[in-house]
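Novice: Mind looking at a prediction? Sequence and model below.
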Amino acid sequence: MGRRAAIVRYPWDRWFKRRRFRLQYGRDYRCLPHSMGVQVRSAAYKRGVHVKVEINALGTITVTRKD
């Protein structure tokens, strides 16, 4: 039985190449903002990237890479 390819929902590698990026609820993601923040941190950790995640009241998530 062969391995299944992972389904990549978000372009993490492209996003993490940038020093800072913003994710907007409804455009970039559709889950709860807190859940997306957890996913961002987890994806960053798996890639050895340190990030700061800020979530505002409208669900906009600002991610800053800490080099």
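Specialist: Looks like it came in fine.
Novice: I'd assumed residue 27 was in contact with residue 59.
Specialist: No: using C-beta atoms under 8 Å as the test, residue 59 is too far from residue 27 to be in contact (10.0 Å). Using the backbone N, CA and C atoms, a C-beta is placed for each residue, glycine as well.
Novice: So between the two, which is more surrounded?
Specialist: Legend: neighbour count by other C-beta atoms under 10 Å for residue 59 and residue 27, higher for residue 59 (17 against 9).
Novice: ok, longest helix in the chain?
Specialist: When the chain is parsed with DSSP state H, its longest helix is helix 33-46.
Novice: Now do the strands in this protein.
Specialist: Using DSSP state E, the strands of the chain run over 20-23, 51-55, 61-65.
Novice: Point out where the chain drops to low pLDDT.
Specialist: Where the chain drops to pLDDT under 70, the residues are 1-3, 5-6.
Novice: And the residue nearest the centre of it?
Specialist: Most central in the chain under C-alpha atoms, centre = their mean is residue 40, positioned 3.0 Å from the mean C-alpha point.
Novice: residues contacting it?
Specialist: The contact partners of residue 40, taken as C-beta atoms under 8 Å, 6 or more residues apart in numbering, are 23, 51, 53, 61, 63.
Novice: correct me, but the fourth one touches residue 54?
Specialist: If I follow you right, that is residue 61. Yes: counting by C-beta under 8 Å, residue 61 does reach residue 54; the two are 7.1 Å apart.
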